[in-house]
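S.K.: just a sequence and a predicted model for now, questions to come.
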Amino acid sequence: MSNLKILILDDEVRITEKLKYHLDKRSFEVYTANTPNEGFALLEKEKPGILILDVILPGMNGLDVLKKVKEDYPSIEVIMISGYGDMDMVIEAMRKGASDFIRKPFQVMDIQVAVERTGKFIALQKKLERAEDIGSLVSRELEGMIEKDFIGESDAIKRVIKIALKTAKDKDVNVLVTGENGTGKEIISRIIHYASPRSEQVFAPVNSSAIPATLLESEFFGHVKGAFTDARDDKKGYFELANNGTLFLDEIADMPFSLQAKLLRAIEENKVKRVGGNKEMPVDVRIISATNKNIEQLIEEGKFRIDLYHRINTIEINIPPLRQRPEDIEPLLNHFVDSFARKKNMEAPGISGDLIKKLQGYYFPGNVRELRNMVERALILLEGNELLPGDFPLKGDAQKESMYFDTLDLERNEQQLIVEALRRCQMNQTQAADLLCISRDALKRKIKKFGIEIGKTIV
Ligand SMILES: Nc1ncnc2c1ncn2[C@@H]1O[C@H](COP(=O)(O)OP(=O)(O)OP(=O)(O)O)[C@@H](O)[C@H]1O
């Protein structure tokens, strides 16, 4: 606690000298003043950490000095010295922000204890401030990283990042990420985890469709030795392994119905029971689930439990397919070209404008993953120093029409057709209505019904 600056302001020279003598010996840097004016001059010049202030001073009441000090130098801690029995004054001083008080007559040890206590408090405050600074630096850096890694300039992607970062802050809220294959559901889930207070703990990705049905329960909840033939030892399940962290349930819609009830119970009660065991283990995990399926339809078909759905989708984040955000193609293309070129130790080739146009008109059934794979292939085969449309052969009919349907869901396809028609007509609604063989009013109604945004982008 050495090097802490202390100013003693008391009209009695005898007291200021005695205290200075005592505190100097303890390696504090001590200044003394016997009038408020002297005191203010030293406050301004030395900016001490602690002011020891007598309540009775010539020319200005100690309480008024305290008030002014707290206004002008709020970080200075003030220890008041008061006359015996002056309780009202003590209360008033504490209200005005004094951190401690000592009654006259006092021993120098009383002052020393008060100074040390206040010094510890100042050190703690500094530590907290530093931690806050570091925390905000980390989050700023993290946001920068996220924008670098999760590429996209469309309003839709900016919105996804914004919701993900907001959601991350609440460490317990369960999130459902929806979107077609390859849209980046897993990356956004990792972003939520690493931007959350759970970031120091595990992010445990689990794809239940990859686990044999007979093992599902023991994989999720663990088992005790002897619970079944192969259970030779006690084993922790995913919930216990992800304790304090995040459990990422990929392809949640494929979870067998029988396991859904057990999963629901674990999420609701924050407890799991190992297979064959009878002890309930408390667990603290955030669940992030992902699906490319329409869960509401599965609920109607009796394949997914509605109560589980409500548990897992406190926040739902939908990542739109790449074809609905053509303005993300160019930044993604640049990103993948740069990163693969770096990996392959080659100079990044140029990208022709025609190639960008070609890709912006493509349906991208495999979304961003497909684009990434295309870039990798093109860079391996590249001979010149510019990527051209011919370096990116597109899949069959999709190349000609840039549309095909992977579902026979009439509404989804209707919406898709409208988006496609608008895109082909550069958002001109009259032309798009002609193309769709409907009236302009009918098109307007449908745009409203599906919530299609018309502007520079469609999301
Ligand atoms: N916005 C993006 N910026 C950069 N890379 C992306 C983006 N979106 C997706 N990717 C890349 O695309 C690939 C697929 O992403 P990811 O695995 O997160 O998708 P997914 O939606 O979880 O896919 P699936 O449903 O098939 O599991 C990854 O290599 C990822 O790095």
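M.R.: All right, it came through fine.
S.K.: what does the protein put close to the ligand?
M.R.: If contact is defined as CB under 6 Å from any ligand atom, the residues of the chain in contact with the ligand are 150-152, 179, 181-187, 250, 290, 292, 368-369, 372. Placement of C-beta: from N, CA and C, glycine included.
S.K.: what subset of those residues is buried?
M.R.: Neighbour counting by 16 or more other CB atoms under 10 Å classes 150-152, 179, 182-187, 250, 290, 292, 368, 372 among the residues of the chain next to the ligand as buried.
S.K.: neighbours around C437, how many?
M.R.: As a burial measure, the neighbour count of C437 was computed by other CB atoms under 10 Å and equals 8.
S.K.: Provide a list of residues in contact with E240.
M.R.: 222, 272, 281, 283 (CB atoms under 8 Å, 6 or more residues apart in numbering).
S.K.: now the two most distant members of those residues.
M.R.: Across the contacts of E240, the longest distance by CB to CB is 10.4 Å; it joins G222 and V283.
S.K.: contact partners for the residue of the stretch 201-350 of the chain found nearest the ligand?
M.R.: The shortest separation between the stretch 201-350 of the chain and the ligand is 5.1 Å, found at N292 (distances taken as CB to the nearest ligand atom). The neighbourhood of N292, defined by CB under 8 Å, 6+ apart, consists of 178-181, 185, 251, 253.
S.K.: what is in contact with G222 and V283 at once?
M.R.: Going by CB under 8 Å, 6+ apart, residues that sit against G222 and also against V283 are 239-240, 272.
S.K.: filter those down to just the ones in helices.
M.R.: 239-240 (DSSP state H).
S.K.: now the shared contacts of G222 and V283 in JSON lines, with pLDDT?
M.R.: Supplementary listing: the shared contacts of G222 and V283 in JSON lines, determined by pLDDT from 0 to 100:
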{"residue": "F239", "pLDDT": "93"}
{"residue": "E240", "pLDDT": "91"}
{"residue": "V272", "pLDDT": "94"}
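S.K.: for the chain, name the helix or strand with the lowest mean pLDDT.
M.R.: Using mean pLDDT, DSSP states H and E, the weakest-scoring helix or strand in the chain turns out to be helix 396-401, at a mean of 46.
S.K.: how far away is the residue of the stretch 201-350 of the chain closest to the ligand from P321?
M.R.: 10 Å (CB to CB, to the nearest Å).
S.K.: separation between the residue nearest to S352 when sequence neighbours are not counted and R323?
M.R.: Ranked by CB to CB, 6 or more residues apart in numbering and with sequence neighbours excluded, the top spatial neighbour of S352 is L388, at 5.1 Å. Look at L388 and R323: by CB to CB, they are 22 Å apart.
S.K.: tell me which of those two has more neighbours.
M.R.: R323 (23 against 16).
S.K.: the residue of the stretch 301-450 of the chain found nearest the ligand: what's it in contact with?
M.R.: Across the stretch 301-450 of the chain, the shortest distance to the ligand (CB to the nearest ligand atom) belongs to V368, at 3.4 Å. Shown in contact with V368 (CB under 8 Å, 6+ apart): 182-184, 322, 332.
S.K.: what kind of secondary structure is P197 in?
M.R.: coil (DSSP: H, G, I helix; E, B strand; the rest coil).
S.K.: show the pLDDT at it.
M.R.: We have a pLDDT of 91 for P197.
S.K.: go on, D86?
M.R.: The confidence metric pLDDT takes the value 67 at D86.
S.K.: coming back round to it: among the buried ones among the residues of the chain next to the ligand, name the ones in strands.
M.R.: Helix and strand membership here follows DSSP state E; of these, those in strands are 250, 290.
S.K.: tell me which residue of the chain lies closest to the ligand.
M.R.: Among all residues of the chain, G184 sits closest to the ligand, at 2.7 Å; criterion: CB to the nearest ligand atom.
S.K.: ramachandran angles for that residue?
M.R.: phi 110, psi 30 (degrees, to the nearest 10).
S.K.: might one say that it is in contact with I319?
M.R.: Yes - in terms of CB atoms under 8 Å, G184 counts as a neighbour of I319; the distance is 5.7 Å.
S.K.: can you pull out the strands in the stretch 1-150 of the chain?
M.R.: Taking DSSP state E, counting those that start in this stretch as the criterion, the stretch 1-150 of the chain contains strands spanning 5-9, 29-33, 50-54, 77-82, 100-103.
S.K.: same thing with the stretch 301-450 of the chain?
M.R.: In the stretch 301-450 of the chain, the strands defined using DSSP E, counting those that start in this stretch lie at 315-318, 350-351, 386-387.
S.K.: these into JSON lines, with extra columns for mean neighbour count?
M.R.: Formatted as JSON lines, the entries for these read as follows, by neighbours: other CB atoms under 10 Å:
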{"stretch": "strand 315-318", "mean neighbour count": "17"}
{"stretch": "strand 350-351", "mean neighbour count": "16"}
{"stretch": "strand 386-387", "mean neighbour count": "16"}
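S.K.: just put those in a markdown table and tack on mean pLDDT.
M.R.: Shown next, in a markdown table, are the strands of the stretch 301-450 of the chain (pLDDT from 0 to 100):
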| stretch | mean pLDDT |
| --- | --- |
| strand 315-318 | 95 |
| strand 350-351 | 96 |
| strand 386-387 | 96 |
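S.K.: same list, those, but as TSV with distance to A204 please.
M.R.: Supplementary listing: the strands of the stretch 301-450 of the chain in TSV, determined by distance: least, CB to CB, whole Å:
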stretch	distance to A204
strand 315-318	19
strand 350-351	38
strand 386-387	38
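S.K.: so for L308, which of those sits nearest?
M.R.: Using CB to CB as the measure, strand 315-318 is the one of the strands of the stretch 301-450 of the chain that comes nearest L308, at 14.0 Å.
S.K.: neighbouring contacts of the closest one?
M.R.: Contact partners of strand 315-318, identified using CB under 8 Å, 6+ apart, comprise 160, 163-164, 167, 173-179, 188.
S.K.: of these, which is the most crowded?
M.R.: V177 (28 neighbours).
S.K.: which SS class is it?
M.R.: Taking three-state DSSP, the label given to V177 is strand.
S.K.: hang on, it packs against S289?
M.R.: Yes - with contact defined as CB under 8 Å, V177 reaches S289; the gap is 7.2 Å.
S.K.: what is the neighbour count of A341?
M.R.: As a burial measure, A341 scores 16 neighbours (other CB under 10 Å).
S.K.: what do you get for K18?
M.R.: By other CB under 10 Å, neighbour count at K18 equals 15.
S.K.: just the pLDDT for the nearest residue to it once chain neighbours are set aside.
M.R.: The shortest distance from K18 to any residue that is not its chain neighbour, by CB to CB, 6+ apart, is 6.6 Å, and that residue is V108. Residue-level confidence at V108 comes out at 84, pLDDT.
S.K.: who's in contact with V108?
M.R.: Shown here is V108, whose contacts under the criterion CB under 8 Å, 6+ apart are 18-19, 22.
S.K.: my read: G226 touches G277, true?
M.R.: No - counting by CB under 8 Å, G226 does not reach G277; the two are 10.3 Å apart.
S.K.: buried ones in stretch 193-210, by neighbour count?
M.R.: Across stretch 193-210, burial judged by 16+ other CB under 10 Å covers 193-196, 198-199, 201-206, 208.
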